[in-house]
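**Student:** Sharing a model that was predicted from the sequence below.
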Amino acid sequence: MPAEERTGGQLIVQALEDAGILHCFGVPGESFLGVLDALYDSSIKVVSTRHEGGASFMAAGYARTSGEIGVCFGTRAVGTANMAIGVHNARQDSLPMLAFAGQVNRSFAGREAFQEVDLVAAMSPLAKWAAEIPSADRAPEVMAKAINLATSGRPGPVFLAIPQDVCDELTDAAARPPVTVATAHPDPAVIPAVLDGLLGARRPVIFAGGGLYRSPQALDLLVRFAERTQIPVITSWRHHDEFPNDHPLFLGCASLGTAPPVWDRLAEADVMLVLGNRLQELSTSGYAYPAAGTRLFQVDIDPATFVNHRSPELAVMSDAGAMLSALIERIPEPLPLLAERRDRNRADRRRFEDATVIPDPPAGDGVPYAHVMRTLARTLSPDTIVSSDAGNFYGWLARYYRFRQARTYLGPASGGMGFGLPGAIGAKIARPETPVISLSGDGGFLMTAAELETAARYGAGVVAIVLDNARQGTIRMHQEAQFPGRVIATELGRTDLSLVARGLGVAGYLVEDSSDFEAALQEALRSGAPAVIQVRMDRDQLSVQKRLPAAEVTGHRLRQPGKARRGDY
């Protein structure tokens, strides 16, 4: 009997179902109505967002929290341009993502039809792979390749353009099952060399990156290996939660706002095991680390990461968990230098803890960042997921907050503003029973604040904390460093986000005095509903390192502190 005919749109959706996709995020468009119609009958829940940028950030937050593929969609040139910001972030953060965009009919191509651009050419620099599905017959093949590339090796975003007529074209092509890729194991011959180098070192360190997230049991194995060998762990940019921050062998996250002992310990390392870490700019302080005198062993699933500003003495292409498991099996007894390393680790941990004690809040107008951090530390449960936006406020989070469980932090590896709120919504949809907060500055928050309505519509009970200093703080910091006294374009106007929140269907709190923040946070968390807490910050605190003298503060001053105001929900 002839095979049943199905449309290209139906085959695309079936491929997503077969890959275990449960949610997708996006803005509907007429150019892919055939895919939307196929989703109507599928098991996949469609989250209709207010903006494609918000959709792609939600997909990223969903992927980072769940470990599954994040899926987003938009229409032709305009939707794709908006979606690009989240695709770029997924590439920088090595997140598995499928981003779809409708395209003009094939017969219209090349005529500058309505909203037509070469989407594949536009997205190729941002995605791990970009392609167009040329026909319904080829849809199963292209989808299988896209899913395989998004999830294998170094995970990343795959972008697919779908011509409008392909969505509706009939074919008897059969769907293809997902490709199973076996875990990459290290060459057994390299294990003794790596282990001997680490165990013979007096100041070894493990520098762990995002490769551990996609590896079975890698996070638990890292704790076991560190404890057995007494080798401390430092994590890389935006990966605070890869090692329990309250563990005595955790020595910090190399990031913006990092305490000086973290950089000191990287500089002092005589041997470094770089584990699933591509040694990007911000986690190496502008490619200053590993230091020239440090012996370097690097383990990664992607060989493209091995040759960077430093080439490793030994590069091991392997899954991080498989490498850790192989190392653990070969640890000898008794271990050399164990007592010496234990004593040094205790001293290093004391230095780290002393440098990350939250300071006493300074006197000034508005709420001090130190007070916010103290409140979060004593109020949030260990399983609370924190989604941070880009912005100078992040320095306080990076230095002072302790992440105690895995998969409880997400933030834009690309530095893309606007991530915090939609990233939190994606995380909440992935783990609906877990408390989720977002931390944003007022600049980043207002770039995607429309997604509050999305949170309300889908019952995603995230608490969005907005640390409002009425300026683009990061750029102001750079202005002060390079062009002091010449402030331009970085001062922002006052807002009342409790009113914005209420208008978008969620609870809103305006906090102008430190004493009111904790009560607002507890009430918002208890409600289980979406909420915004706007905190008027001390504007003299430019960054975690710098405080402006009062005479240098430009723009309006905060009015006198008053009682927190809660909007009607």
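**Tutor:** Received it, and whenever you're ready, just let me know what you need.

**Student:** what are the ranges of the strands in the stretch 201-350 of the chain?
**Tutor:** Assigned by DSSP state E, counting those that start in this stretch, the strands in the stretch 201-350 of the chain fall at 204-208, 233-235, 250-253, 271-275, 295-300, 314-317.

**Student:** Of all these, which one is nearest Ala101?
**Tutor:** Between Ala101 and the strands of the stretch 201-350 of the chain, the tightest spacing by C-beta to C-beta is seen for strand 295-300, at 30.7 Å. Backbone N, C-alpha and C define where each C-beta goes, glycine included.

**Student:** Quick check: neighbours of the closest one in the sheet, parallel or antiparallel?
**Tutor:** Partner strands for strand 295-300, per DSSP bridges, with pairing direction: strand 271-275 (parallel), strand 314-317 (parallel).

**Student:** Highest mean neighbour count out of these?
**Tutor:** Sort these by mean neighbour count, taking mean count of other C-beta atoms under 10 Å, and strand 271-275 sits at the top with a mean of 27.

**Student:** Pipe the strands of the stretch 201-350 of the chain into a markdown table and attach distance to Pro188 per row.
**Tutor:** A markdown table is the format used below for the strands of the stretch 201-350 of the chain (distance: least, C-beta to C-beta, whole Å):
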| stretch | distance to Pro188 |
| --- | --- |
| strand 204-208 | 21 |
| strand 233-235 | 24 |
| strand 250-253 | 30 |
| strand 271-275 | 17 |
| strand 295-300 | 14 |
| strand 314-317 | 11 |
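
**Student:** Among those, which comes closest to Gln541?
**Tutor:** The nearest among those, by C-beta to C-beta, is strand 250-253 at 21.2 Å.

**Student:** helices and strands around the closest one, which ones?
**Tutor:** Packing partners of strand 250-253 (3 or more C-beta pairs under 8 Å, 6 or more residues apart in numbering; DSSP states H and E): strand 233-235, helix 260-268, helix 338-355.

**Student:** most packed of those?
**Tutor:** Per stretch, and counting mean count of other C-beta under 10 Å, the top mean among the helices and strands packed on strand 250-253 goes to strand 233-235, which has a mean of 26.

**Student:** list the helices and strands that strand packs on?
**Tutor:** If you count contacts as 3+ C-beta pairs under 8 Å, 6+ apart, strand 233-235 packs onto strand 204-208, strand 250-253, helix 260-268.

**Student:** what about the last one, average pLDDT?
**Tutor:** Looking back up the chat, that one is helix 260-268. Averaging pLDDT along helix 260-268 yields 96.

**Student:** which residues touch that helix?
**Tutor:** For helix 260-268, the external contacting residues (C-beta atoms under 8 Å, 6 or more residues apart in numbering) are 203, 205, 207, 232, 234, 251-254, 272, 285, 289-291, 348, 351-352, 355.

**Student:** thinking again about what came up before, dump the helices and strands packed on strand 233-235 into TSV; add distance to Thr454 as well.
**Tutor:** Formatted as TSV, these follow (distance: least, C-beta to C-beta, whole Å):
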stretch	distance to Thr454
strand 204-208	34
strand 250-253	30
helix 260-268	37
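
**Student:** Please, which helix or strand holds the closest residue to Thr171 other than its chain neighbours?
**Tutor:** When the adjacent residues along the chain are set aside, Thr171 lies closest to Ala136, with 3.9 Å between them (C-beta to C-beta, 6 or more residues apart in numbering). Taking DSSP states H and E as the definition, one finds Ala136 inside no helix or strand.

**Student:** Now do the end-to-end distance for stretch 63-78.
**Tutor:** Distance between the boundary residues of stretch 63-78 (C-alpha to C-alpha, to the nearest Å) amounts to 24 Å.

**Student:** Now that stretch: buried residues?
**Tutor:** With burial defined by 16 or more other C-beta atoms under 10 Å, the residues of stretch 63-78 counted as buried are 63-66, 68-77.

**Student:** Likewise for stretch 139-147?
**Tutor:** Across stretch 139-147, burial judged by 16+ other C-beta under 10 Å covers 139-140, 142-147.

**Student:** just to revisit the earlier point, want to throw the strands of the stretch 201-350 of the chain into JSON lines with distance to Lys128 and mean pLDDT?
**Tutor:** JSON lines is the format used below for the strands of the stretch 201-350 of the chain (distance: least, C-beta to C-beta, whole Å; pLDDT from 0 to 100):
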{"stretch": "strand 204-208", "distance to Lys128": "22", "mean pLDDT": "98"}
{"stretch": "strand 233-235", "distance to Lys128": "23", "mean pLDDT": "98"}
{"stretch": "strand 250-253", "distance to Lys128": "25", "mean pLDDT": "98"}
{"stretch": "strand 271-275", "distance to Lys128": "21", "mean pLDDT": "98"}
{"stretch": "strand 295-300", "distance to Lys128": "15", "mean pLDDT": "98"}
{"stretch": "strand 314-317", "distance to Lys128": "18", "mean pLDDT": "97"}
